[in-house]
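**Student:** One predicted model, sequence on top.
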Amino acid sequence: MELPEMKYPLSREQLLDLYYFMRLTRELDEQLVRLFRQNKVVGGLYSSIGQEATSVGTAYTLEKRDWMAPMIRNVGGLLVKGFRPRDILMQYMARSGSPTGGKDGTSHFGDLQERHVVSPISMLGDLIPVMTGVAMGGRYLGQKLVTMTWIGDGGTSTGAFHEGMNLAAAQRAPFVCVVENNQWAYSTPVARQVPLHDLAERARAYGIASYVVDGNDVVAVYQTTKEAVERARRGEGPVLVESKTMRMKGHAQHDAAVYVPPEMFDYWKARDPIARYETWLTERKVWDKKTKAEIERRIERELKQELEFAENSPLPEPEVAERGVYCEGCHTIEAHWERPIEQVQPPRASVQAAWTVSNFGGPNGASAAPEAAGKTKPATVSARAANGGTKRPARGAARPKRRR
Amino acid sequence: MAPVTMIEAIREALDEEMQRDPAVVLIGEDIGVYGGAFKATEGLLAKYGWERVIDTPISETAIIGAAVGMSYQGLRPVAEMQFIDFIACCFNQMVNFVAKSHYRWGGPVPMVVRGPCGGGVHGGPFHSQNPEMWFVHTPGLKVVCPSTAYDAKGLLKSAIRDNNPVLCLEHKFLYRRVKEELPAEDYTVPIGKLAVRRPGRDLTIATYGAMTLHVMDAAEELAKEGIEAEVLDLRTLAPLDREGIVESVRRTHKLLVVHEDVKTGGIAGEIAATVNEQAFEELDGPIQRVASLDAPVPFSPPLEERFLPQVADVTRAARELARY
């Protein structure tokens, strides 16, 4: 076996790991459809079929100390971060053993302590400022962390997305935003939402770096996102990664997606991320039929056990509805300092509270002496290369003045 | 110790908490170099630095979002709304992200949102509102509304130390109008406990925020007529000190609720329902309300005066109730 050269090398074990997680996501998805048909799923069922490479490939770039927040179709990311299929099964079946104890469903759960996962809410865009805050907080505590969340093509039109990206950029927060462009905001195609082919172009307006990647190529997704994550970790500010993929089912199980042109499904079916990766692994001789069969057997065995566990979990006791509205001592709040606290306390933290404004906000290239009225020429706004070409994101005109 | 105003008391609370706990950080618009629109954070940037006093773009949703994120890191952010009216811009973050986090998945949010509320300063429809009930109606949030410098400091300290999201509504009319000497030592005021500002036997008047001043003035006048009103300063609206209210009603058997919030959907309705449920037999008269008009807060002084409850409105309602 000869592994191809990659900027961010992946061992054979890791390559097979990626396959395992993608395949597990798909099998879990299909298991959930069977449960849905048996009326065992409470509420809607949201599929991530066709988007496994995006979820798995991006989440796989994160280290244990890093934080993520999934959206509804990021089951793959949750599995990579250490949640088990039973967690997702029980969430969908509203069982007491689920991570939310039946208080919420789907991917709406998290774990602050061990896995560093923040739960999403149904309102799109809100995770962008929240994960910006997690990144700012981590940086303040001296942690060398990166935070990541996903947003669909549809979610990029929200005000929260804009406010969050702008704050992240202004703060140079170590944050990676993956725009999971699955072509459809429920029934509305991208072209009807945004007059741009590449949503990554929006990064230009925030003065941050961005990438566009084939979201159905897990190796490319990993390599690109890894670069984004490392840039953010180095302190270069937030990065936006647009992963182009396709939602291969309706918005949820009830939706037959008849509004999608059938040829579009054909186009993307031919680019199925799992089938493509299988070919990749075979051509590069990373695996053989035996290894593939072993992974399949492992997934089958695990899912059977996980399902059994989930189905044995009872529905929650009704009294649970009354509990936990407030934290009444059930949590100990602790910040994990990785820098000396003296650095953030006076006198060391003290600064001169004043702004410096570069160029006083006048147009670039203006002469030192004021020009006569009517003599100035309009300046054209120069478009900086948004993709990769950005060296350092622009600093704001006004910068804090530091004493030391 | 020299007497301090409410705004100074708030600044002292922030300063002392930041000194005590490096996990306390401030975030908001114009709070750093400028020191805040009302100067609540004046001097804190110079003392604690850029990382702990964070000036943001005009992005209320991002301010609250970032504060939630920081609180997930175990920090205790205090977010300022320049005027509390602007909290409407981040309503979704407040009611869906912040309020439900602990209940849904056990993610505690130890953050504070504070800001100036209330009218009487000719701020017009967007700089005078009392949005408390939007949030009292949202389980998962705590809402406090001090009327004294002592309480403003003590409640803010409690809010910062609380493991839950707390909304501190600071009435801007009181910022520089109330003044008192504060203890030199560290103290807190418990969230969820009302204060009896004046004992009385004839009726209970429950109120909070700037209306407490009006009600105290009214009680003074009523006393001259031989009507002894017991004045309750609620201090916290969520969780409401129902026990304290009912206890007072058991003593006076009559209840008048006064608030600056508009009448419909104001806390008076909730209080009346509670007393009805828990102490109906104790009542010797109908529960009465004095509140602002069901209208936006108007700008021009005579309009605003008509809009807001006045001392005379309180005394009139109290007299009628006492006679009942």
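**Tutor:** Ah, there it is.
**Student:** Show me where the chain has its strands.
**Tutor:** Going with chain A. A:67-69, A:147-152, A:175-181, A:184-185, A:188-189, A:209-214, A:239-244, A:355-357, A:398-400 (DSSP state E).
**Student:** not what I meant, chain B
**Tutor:** B:4-5, B:24-28, B:53-55, B:76-80, B:112-117, B:142-144, B:166-171, B:179-180, B:195-198, B:203-207, B:229-233, B:236-238, B:255-262, B:288-292.
**Student:** Relative to A:Ala209, which of these is closest?
**Tutor:** Smallest distance to A:Ala209 across those (Cβ to Cβ): 22.9 Å, for strand B:53-55. For every residue, glycine as well, the C-beta is placed using N, CA and C.
**Student:** That closest one pairs with which strands?
**Tutor:** The strands that strand B:53-55 pairs with in its sheet are strand B:24-28 (parallel) (by DSSP bridges).
**Student:** and the strand it pairs with, what's its mean pLDDT?
**Tutor:** Model confidence over strand B:24-28 averages 98 on the pLDDT scale.
**Student:** Can I get it in PDB, CA atoms only?
**Tutor:** Once side chains and other backbone atoms are set aside, the C-alpha atoms of strand B:24-28 remain, and they are given as PDB (Å, rounded to 0.1, in the frame of the first residue of the first chain):
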ATOM      1  CA  VAL B  24     -16.000  37.900  34.900                       C
ATOM      2  CA  VAL B  25     -15.800  39.700  31.600                       C
ATOM      3  CA  LEU B  26     -17.800  42.500  30.100                       C
ATOM      4  CA  ILE B  27     -19.200  42.800  26.600                       C
ATOM      5  CA  GLY B  28     -21.300  45.400  24.900                       C
END
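**Student:** what's that strand in contact with?
**Tutor:** Residues outside strand B:24-28 that contact it (Cβ atoms under 8 Å, 6 or more residues apart in numbering or on different chains): A:140, B:14, B:17-18, B:36, B:41, B:44, B:51-56, B:63, B:66-67, B:70, B:75-82, B:160.
**Student:** Just put the strands of chain A in a markdown table and tack on mean neighbour count, distance to chain B and mean pLDDT.
**Tutor:** Written out in a markdown table, the entries for those read as follows (neighbours: other Cβ atoms under 10 Å in any protein chain shown; distance: least, Cβ to the nearest Cβ, whole Å; pLDDT from 0 to 100):
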| stretch | mean neighbour count | distance to chain B | mean pLDDT |
| --- | --- | --- | --- |
| strand A:67-69 | 27 | 8 | 98 |
| strand A:147-152 | 28 | 8 | 98 |
| strand A:175-181 | 29 | 9 | 98 |
| strand A:184-185 | 22 | 18 | 96 |
| strand A:188-189 | 14 | 21 | 97 |
| strand A:209-214 | 24 | 19 | 98 |
| strand A:239-244 | 27 | 16 | 98 |
| strand A:355-357 | 12 | 6 | 92 |
| strand A:398-400 | 14 | 5 | 56 |
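**Student:** so who does B:Phe86 touch?
**Tutor:** When contacts are counted by Cβ under 8 Å, 6+ apart, B:Phe86 touches B:Glu60, B:Gly115.
**Student:** now do 10 Å
**Tutor:** Counting by Cβ atoms under 10 Å, 6 or more residues apart in numbering or on different chains, B:Phe86 touches B:Glu29, B:Ile58, B:Glu60, B:Ile63, B:Gly115, B:Phe126, B:His127, B:Gln129, B:Pro131.
**Student:** ok now stretch B:57-71, how far from the chain's centre?
**Tutor:** For stretch B:57-71, the distance between its averaged C-alpha position and the chain's averaged C-alpha position is 21 Å (Cα atoms, centre = their mean, to the nearest Å).
**Student:** and if you look at stretch A:155-164?
**Tutor:** The gap between the average C-alpha position of stretch A:155-164 and the chain average comes to 14 Å, counting by Cα atoms, centre = their mean.
**Student:** what do you get for stretch B:210-230?
**Tutor:** Here the centre of stretch B:210-230 is set off from its chain's centre by 21 Å, with Cα atoms, centre = their mean.
**Student:** correct me, but B:Ile267 touches B:Leu237?
**Tutor:** Yes: with contact taken as Cβ atoms under 10 Å, B:Ile267 and B:Leu237 are classed as touching, separated by 5.6 Å.
**Student:** what does the stretch 201-350 of chain A have sitting close to chain B?
**Tutor:** With Cβ under 10 Å from any Cβ of the partner chain as the criterion, the stretch 201-350 of chain A meets chain B at residues A:321, A:323-337, A:341-350.
**Student:** quick one on the thing from earlier: would you turn the strands of chain A into JSON lines with distance to A:Trp268?
**Tutor:** Supplementary listing: the strands of chain A in JSON lines, determined by distance: least, Cβ to Cβ, whole Å:
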{"stretch": "strand A:67-69", "distance to A:Trp268": "25"}
{"stretch": "strand A:147-152", "distance to A:Trp268": "16"}
{"stretch": "strand A:175-181", "distance to A:Trp268": "12"}
{"stretch": "strand A:184-185", "distance to A:Trp268": "11"}
{"stretch": "strand A:188-189", "distance to A:Trp268": "13"}
{"stretch": "strand A:209-214", "distance to A:Trp268": "11"}
{"stretch": "strand A:239-244", "distance to A:Trp268": "10"}
{"stretch": "strand A:355-357", "distance to A:Trp268": "50"}
{"stretch": "strand A:398-400", "distance to A:Trp268": "46"}
